[in-house]
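J.: give me a 3D structure for the following:
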Amino acid sequence: MYYDSYYWILLVPAMLIALVAQLRVSSTFKRYSKVSGGRGFTGAQAAEAVLRFHGIYDVRIERISGHLSDHYDPRDNVIRLSDSVYGAKSVAAVGVAAHEAGHAVQYAQGYGPIRVRAAIIPLSNIGSQLSIVFIFIGLFLYSQTLFGIGVLLFSLAVAGQLITLPVEFNASRRAIVTLEEGDFLDAEELKGAKKVLSAAAMTYVAALLVSLAQLARFLLAFGGRRRD
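T.: The predicted structure follows:
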C-alpha cells in the first residue's frame with residue numbers, strides 16, 4: 001500500500017521530468033550537431049585547445065564507441081570522446097569536448113568539489129549496488145533493520161549525485177568561458193554550445209530528482225513500517 005501510493009505521487013512525476021530532460025538533450029545535441037563551427041575545430045581538437053589554454057599538456061584524448069559516452073577518466077588522465085564528438089566539427093561536438101576538458105582542468109587546478117566527489121564516489125557506488133538488495137530482503141523478511149540499512153546505503157548513492165551537480169555545472173562554465181576567451185567559437189556558435197551543455201546539465205538535475213523521490217518514498221515507507 002505504501003509503495004503503490006508513494007510510487008505514483010513521488011516517483012512517476014520525477015521519472016517523467018527525467019524523460020523530458022533526456023529527450024531535450026538528445027534533440028538539442030542533434031540540432032547543433034548539424035551546425036558547423038566556423039573555426040573548423042573537431043571535438044578532439046577543441047578539447048586539446050581548452051587544455052592548452054590552461055597550460056595542461058599531460059592529458060591524453062582518445063576515441064571511444066557509443067553516442068554521448070564522453071567522459072574524463074582521472075585515473076588514467078584521459079579524455080574519452082564518442083564517435084559523434086571526437087572527429088565532428090559541429091558546435092555540439094566542440095561544446096561537449098570542451099566540457100570534458102573542463103573536468104581535466106578542475107583536477108589540474110585542484111577544484112574542491114571534484115576532489116570531494118572523487119572521495120565519495122566509491123561509497124556512493126557501493127550504496128547504489130547494495131541498497132536495493134537490502135531493501136528487498138528487508139521487505140521480504142519484514143526486517144526493519146535490513147530495510148533501514150538499505151535506505152542508508154541508498155542515501156550514499158544520492159549524496160554522490162548531489163556532489164556531482166556543482167562539478168558538472170562548473171565544468172560547463174569553464175568550457176564556455178574558455179571557448180569565448182580563446183575565440184574558439186563566435187558569438188552565435190557559443191549560444192548553441194551553451195544550449196547543448198545546459199540541456200546536458202539538466203539530465204543530472206533530473207536524475208537527482210528521481211533519486212530524491214525514491215529516497216523520500218523509502219523513508220516514508222520505513223516510517224510507516226515502524227508504526228505498524
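J.: switch to C-alpha atoms for all contacts and neighbour counts from now on
T.: OK.
J.: quick check: longest helix of the protein.
T.: Residue-count comparison of every helix in the chain, with assignments taken from DSSP state H, identifies helix 187-227 as the longest.
J.: output the below-cut-off pLDDT ranges for the protein.
T.: Counting by pLDDT under 70, the low-confidence segments of the chain come to 1-4, 222-228.
J.: any idea which residue sits dead centre in it?
T.: For the chain, the residue nearest the mean C-alpha position is Y204 (4.8 Å; C-alpha atoms, centre = their mean).
J.: tell me the contacts of that one?
T.: Q161, T164, L165 (C-alpha atoms under 8 Å, 6 or more residues apart in numbering).
J.: and which of these is nearest to S26?
T.: Within the contacts of Y204, proximity to S26 (C-alpha to C-alpha) peaks at L165, which comes in at 19.5 Å.
J.: ok so, going back, from the contacts of Y204, which land in helices?
T.: In helices, judged by DSSP H, the following of the contacts of Y204 are found: Q161, T164, L165.
J.: now neighbour count and distance to K34 too, for those, in TSV please.
T.: Formatted as TSV, the entries for the ones in helices among the contacts of Y204 read as follows, by neighbours: other C-alpha atoms under 10 Å; distance: C-alpha to C-alpha, whole Å:
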residue	neighbour count	distance to K34
Q161	22	31
T164	21	29
L165	18	28
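J.: just put those in CSV and tack on distance to S131.
T.: As requested, those are arranged in CSV below (distance: C-alpha to C-alpha, whole Å):
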residue, distance to S131
Q161, 15
T164, 19
L165, 22
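J.: as a check, name the ranges of all helices in the protein.
T.: Counting by DSSP H, the segments of the chain that form helices are 2-6, 12-32, 43-53, 83-86, 91-108, 112-141, 144-181, 187-227.
J.: which strands and helices lie in contact with the third one?
T.: Helix 43-53 makes packing contacts with strand 60-63, helix 83-86, helix 91-108, helix 144-181 when contacts are defined by 3 or more C-alpha pairs under 8 Å, 6 or more residues apart in numbering; DSSP states H and E.
J.: that one versus helix 144-181: what angle between them?
T.: Counting by axes from the mean of the first three to the mean of the last three C-alpha atoms, to 10 degrees, helix 43-53 lies at 80 degrees to helix 144-181.
J.: spatially nearest residue to R63 (excluding sequence neighbours)?
T.: Residue nearest to R63 in three dimensions, not counting chain neighbours: L81, with 5.0 Å by C-alpha to C-alpha, 6 or more residues apart in numbering.
J.: if I look at that neighbour, how far off is L219?
T.: To L219, L81 is 39 Å away according to C-alpha to C-alpha, to the nearest Å.
J.: neighbour count winner among those two?
T.: A count of neighbours by other C-alpha atoms under 10 Å puts L81 above the other of L81 and L219, at 28 against 16.
J.: hang on, that one packs against D73?
T.: No. Shown here, L81 and D73 do not form a contact pair, counting by C-alpha atoms under 8 Å, at 11.0 Å.
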